[in-house]
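Chemist: fold the following and give me the result.
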Amino acid sequence: MPSKAYFNYQLDSRNWSHIELRHGDVIVATAPKVGSTWTLRLILTLIHGGDLPAPVNMLAPWIDARFLPVPIEAVRAAFSEQDFRRVARSHLPFDALPFNPSVFYVCVGRDPRDVVLSLHNHYSSFTDPAIARLNAPPGTFAVEFARPGPDIHKFIREWLTQGNPCLPWEGDGFPSWSLFRQISSFWAYRELPNVLLVHYDDLLKDLAGEAARISRFLGIDATPERIGIIKQRCSFEAMRENGENDNPNLPAMLRGGARTFFNKGVSGRWKDVFTPEELELYHAAVARNLSPDCARWLEQGRIASGIDPSVV
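Modeler: Predicted coordinates for the structure are as follows:
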């Protein structure tokens, strides 16, 4: 049984109680804007090949989404009808998910300083109907979700120092939830044979190598043909080009659609944005939440840091 329940603008962890997990299911669980759709597309391509039988958002539903227009009963029914190896998306920490030793859990990390910049771009681009769904039904939340203003520094400071009012055990991540806690929850269980940590920067630097690593973890033969398809169909550029085919709902959610959702695809942008004071707040958040090896991996990835989370 999960030890934490998450309920806020975007999340309702209770949705997982409607899902009956199967042997071999894959759950990709990430904080927002760290590469979840990219990783989902990669895993679905390993399973199905280059031509997916349906868009990514239908093949790999976001189970714990609270604000989507499709009721959880319909999501559950469609997911249960899949007669192939199933993949699901989550944005929950490990201790808010149901655990099954025959299910595979993939957590994705990214430098938090780059994540917060992507989050600001993402939330600033929400359409009016998307914001209305986040706050529906009226009166659900004492503080309604609002599109952030243009001051990126205000957004950074709030994200590093304030938690979501609905999640009183978290001290950062406003207006969503704590990336630091989401990562640390998986880091604590990284020795389990059915848990894998993947890093955004490693996908950028060595997509083929990371695809082979994920393939081995899932028990899928990493043939040259499979890896060749990954290199062709799952580069960041290909993801951006095909983004609205993979998720037809993007234009309704974000102004600019896939071009906004897949924004820059680079690392280190924070170096031109963060002030010395904001870096101090960042290091304080890291110290509160992460062990030194986890922090180093999260900032640099497995390849650059030399830290392999699967080797403990």
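
Chemist: just name the shakiest helix or strand of this protein by mean pLDDT.
Modeler: Comparing every helix and strand of the chain by mean pLDDT, DSSP states H and E singles out helix 257-261 as the least confident one, with a mean of 51.

Chemist: and after that one, which helix or strand comes next?
Modeler: On the C-terminal side of helix 257-261, the closest following helix or strand by DSSP states H and E is helix 276-289.

Chemist: and that next one, what does it pack onto?
Modeler: For helix 276-289, the helices and strands in contact under the criterion 3 or more C-beta pairs under 8 Å, 6 or more residues apart in numbering; DSSP states H and E are helix 112-124, helix 152-161, helix 179-187. The way it works is simple: take the backbone N, C-alpha and C, and place the C-beta from them, glycine included.

Chemist: okay, the ones you listed in TSV with distance to E299 next?
Modeler: As requested, these are arranged in TSV below (distance: least, C-beta to C-beta, whole Å):
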stretch	distance to E299
helix 112-124	8
helix 152-161	15
helix 179-187	11
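
Chemist: tell me which of these is the most buried.
Modeler: The densest packing among the helices and strands packed on helix 276-289, expressed as mean neighbour count by mean count of other C-beta atoms under 10 Å, is seen in helix 179-187 with a mean of 24.

Chemist: any idea which helix or strand comes after that helix?
Modeler: Beyond helix 179-187 in the direction of the C-terminus, DSSP H and E gives the next helix or strand as strand 195-199.

Chemist: chain center to that following strand, what's the gap?
Modeler: From the chain centre to the centre of strand 195-199 is a distance of 12 Å (C-alpha atoms, centre = their mean, to the nearest Å).

Chemist: distance from whichever helix or strand comes after it to the middle of the chain?
Modeler: Heading C-terminal from strand 195-199, the first helix or strand you meet, by DSSP H and E, is helix 200-205. Taking C-alpha atoms, centre = their mean, one finds the center of helix 200-205 at 15 Å from the center of the full chain.

Chemist: so which bits of helix 200-205 are buried?
Modeler: Within helix 200-205, the residues that qualify as buried by neighbour count (16 or more other C-beta atoms under 10 Å) are Y200, D201, D202, L203, L204.

Chemist: try stretch 9-20
Modeler: Residues Y9, Q10, L11, D12, S13, N15, W16, I19 are the ones in stretch 9-20 that count as buried (16+ other C-beta under 10 Å).

Chemist: gap between the last one and G171?
Modeler: I take that to be I19. Look at I19 and G171: by C-beta to C-beta, to the nearest Å, they are 30 Å apart.

Chemist: now swap in the second one and tell me
Modeler: With distances taken as C-beta to C-beta, Q10 is found 19 Å from G171.

Chemist: what's the answer for the fourth one, then?
Modeler: Per C-beta to C-beta, D12 is found 22 Å from G171.

Chemist: do the same with the third one
Modeler: The spacing between L11 and G171, counted by C-beta to C-beta, is 17 Å.

Chemist: now swap in F274 and tell me
Modeler: F274 sits 19 Å away from G171 when distances are taken as C-beta to C-beta.

Chemist: E144 too?
Modeler: E144 sits at a distance of 21 Å from G171 (criterion: C-beta to C-beta).

Chemist: ok, the two, which is more surrounded?
Modeler: Set side by side, E144 and G171 give different neighbour counts by other C-beta atoms under 10 Å, the larger being at G171 (18 against 14).

Chemist: how about that one, nearest residue that isn't a chain neighbour?
Modeler: With C-beta to C-beta, 6 or more residues apart in numbering as the measure, G163 is the residue that lies nearest to G171, at 5.1 Å, once sequence neighbours are left out.

Chemist: give me the neighbour count for the one you found.
Modeler: 20.

Chemist: that one contacts S176, correct?
Modeler: No: under the contact definition of C-beta atoms under 8 Å, G163 does not touch S176, with a separation of 9.8 Å.

Chemist: pretty sure C166 contacts F141?
Modeler: Yes: contact status for C166 versus F141: in contact at 6.9 Å, counting by C-beta under 8 Å.
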